[in-house]
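A.B. asks: Let's see this in three dimensions:
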Amino acid sequence: MQDRVHQYYAALMGDTDGILVTLDGHGTVLWISPEVTPIMGYDPDFVTGQPVADFLAPEEVAQGLRKIGDLLANPRALLRTVQRVRHADGTYRTMEMVGRDLRDRPEVGAVVVHMRDITDERQVLEALAESQARLEEAYRIAGLGWWELDTATGALQCSDQLLRLAGWQRQERFTWSDLRERLVHPDDVRRLEATLARNRTVERPVSLEHRVVRPDGSVQHWLVHAQGFADGQGRVVRIAGTVMDVTQRRKAEEQVLHAQKLEALDLLAAGIAHDFNNLLAVVQGNLSLALETVVGHPASPLLTDAEAACGRAAFLARQLSAYARGAEVRTYMPTPLAPLVRNMVPFLVRGSRVRADLDVADDLCPVQGDAAELSQVLQNLVLNAVAAMPEGGVLHVAAKNILLPEAGPELPLARGPYVLLTVEDTGRGIAPEHLSRIFDPYFTTRSEGHGLGLTTTYRIVRRHQGHITVHSRAGKGTFFQVFLPASGVGTAAGEAAPGRAPVAGLRPNLRVLMVDDEALIRTAAAHMLEELGCHAEFAESSEQAIALVRGAIGRGRPFHLAILDLTLPGDRSAPELYKSLWAIDPMLRGIVSSGYAQHERMLHYRLDGFRAALPKPYGLAELRETLAAALADAPPPMTRS
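C.D. replies: Numbers count the residues shown, from 1 in each chain. Just a heads-up that it's a prediction; the model follows:
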């Protein structure tokens, strides 16, 4: 009977690429079909009677025997497995095996297994899987994910990279409707749906950008490229596409745009500061003249307050110009701190419910620095304290000389003399969790604050080689300490610092040429120069200035000094004009003046041959001092009668 069965199966399998084998209950080969010869290189008689395990790859023997054991233990089970089987040439082929236990069938009486060589198929699949893995890796490196939508069912396939971008776990089945509701930003759904609708009817590529919302609530920007694909009847049956996370690119573009806006704002701020300083030059000049004429008059305190306010406005204009670009003041000099404290603090608390208590040492040393920057430090600390006491309180500001020992971890300063400025309020204090962040940019606990005041204060103090500390308790007030290196130890606050000797009186009949395109500035300067005993002539253009210098030379009464506006619209710059004037009169001394206080030409005026720089706005005292400085080092042979 079994011989007839073998012949039947042999005839059945003769036209296939498979091998039929029968086994006994111990896994021994009872019979094998002739196809074993062309497929595996064995003679059937050689294989018959041998254990099947002898032909399995050594590392798969245990697995193969376990599979056969499971089949024998469950007569109704179906064996399905893939095993590597040794070829007659010693190599191994990958065989797909399907079998049943038919020992209870008298006509068979054996375990019947069908084997098919799938080596080539497996290699193709492995190569395809490797290629797919490489493609997935390339997608990952490029930040790309891919997806494919079945337009009929709405089923969606996608790559692991897309799931990583979306922050999702792979599920058994994705549909576009599920993904749309859970992933696409609500404001972008309609636009995305409209794009996909066009893809469903037209086989063409499209690109768009939309936002996605990840499970953690963060928002990303995705750039999508998609195309529909049609069947033989021209119907779009699937849409495939790629996505790229362009969130960082968008942020970078926003930063570039922000930088461009800041650059435009810088130009606008510099222009406003320049024009504002020109107007303030007229106001401050006239105020300083008025103060000279009303000494002892009841209006004198009012004019003094107006001059102080004008000085504060000039300071704000300089800061607008300098700090819009993050510029740093590069010229420091011995600066008395006592007048700043005594003049600014009462002015800053005026109009509030805060009482100022000042304690400034009479012998306070000057500090090496910039008066405008030090004024901003004081302003920021005082205004911060006033804001902390909306219901009123006491502001205590003190300044004294100290001598620091060796630097320590809490006070990272070199040993030596310092000026210690303290600002203490009785306000609401700073919460402990906020204390370590108060110098961070844009950090503020006030709704009306911008979070830059204390950051700027910290930067200025550091630039002055100083240090700032803060102590505070909620509800108990805040205490700031500012340590600044002292300059000219032993020089009292009321005395002139080294290198800043009191300005001596100007020689009479000093001849001055002033060139400025602003008529109001020329008028204010004319009054101040007249008050100083100078003979002044004025020009609004370079051509007028050249003509006046030539005329003065021709009359035998040349100018001693020329004050030149840095920029004349549509005309020569001050360095260019001074070069032309100096070619006519080599003994003419030049002063450059501008509302751009931090302009390179103003900071390094000597490189252009000027003897001094006169920032706008200026009053009578600043003008007198600048004229004297420009003439201070004139040798006797160069002095003019």
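A.B. asks: mind giving me the domain ranges of this structure?
C.D. replies: 2-117, 124-245, 337-496, 510-638 (automatic domain parsing).
A.B. asks: Next up, the contacts around Glu576.
C.D. replies: Ser542 (CB atoms under 8 Å, 6 or more residues apart in numbering). Where you see a C-beta, it was placed from the backbone N, CA and C, and this is true even at glycine.
A.B. asks: how distant is the strand or helix carrying Pro346 from the center of its chain?
C.D. replies: Secondary structure here is read from DSSP states H and E; on that basis Pro346 sits in helix 338-349. With CA atoms, centre = their mean, to the nearest Å as the basis, the distance from the averaged C-alpha position of helix 338-349 to the chain average is 37 Å.
A.B. asks: Give me the helices and strands touching it, please.
C.D. replies: Helices and strands touching helix 338-349, as assessed by 3 or more CB pairs under 8 Å, 6 or more residues apart in numbering; DSSP states H and E, comprise helix 300-323, strand 354-360, helix 371-387, strand 393-404.
A.B. asks: between it and strand 393-404, what angle do the directions make?
C.D. replies: Computed with axes from the mean of the first three to the mean of the last three CA atoms, to 10 degrees, the direction of helix 338-349 lies at 160 degrees from that of strand 393-404.
A.B. asks: In helix 338-349, which residues are buried?
C.D. replies: Along helix 338-349, the positions that meet the burial threshold by neighbour count (16 or more other CB atoms under 10 Å) are Ala338, Leu340, Val341, Asn343, Met344, Val345, Phe347, Leu348, Val349.
A.B. asks: The fourth one contacts Ala308, doesn't it?
C.D. replies: Yes: Asn343 sits in contact with Ala308 when judged by CB atoms under 8 Å, with a separation of 6.3 Å.
A.B. asks: Any chance of TSV for the domains of the chain, columns distance to Gly271 and mean pLDDT?
C.D. replies: What follows is the domains of the chain, written out as TSV (distance: least, CB to CB, whole Å; pLDDT from 0 to 100):
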stretch	distance to Gly271	mean pLDDT
domain 2-117	79	86
domain 124-245	36	80
domain 337-496	19	80
domain 510-638	9	88
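A.B. asks: mind checking which of those domains is nearest Val256?
C.D. replies: Judged by CB to CB, the one of the domains of the chain that comes nearest to Val256 is domain 124-245, at 15.4 Å.
A.B. asks: And the helices in the stretch 151-300 of the chain?
C.D. replies: Taking DSSP state H, counting those that start in this stretch as the test, the helices found in the stretch 151-300 of the chain are 160-166, 176-183, 189-201, 247-293, 300-323.
A.B. asks: What residues sit buried inside the first one?
C.D. replies: The reference is to helix 160-166. Taking 16+ other CB under 10 Å as the neighbour-count basis, helix 160-166 is seen to contain the buried residues Gln161, Leu162, Leu165, Ala166.
A.B. asks: Please enumerate residues in contact with it?
C.D. replies: Outside helix 160-166, the residues within contact range by CB under 8 Å, 6+ apart are 136, 139-140, 143-147, 169-170, 183, 212, 214, 220, 222, 243, 245.
A.B. asks: same thing with the second one?
C.D. replies: Residues outside helix 176-183 that contact it (CB under 8 Å, 6+ apart) are Leu149, Gly154, Leu156, Ala166, Trp168, Val189, Leu192, Glu193, Leu196, Val212, Val213.
A.B. asks: No more questions from me, cheers.
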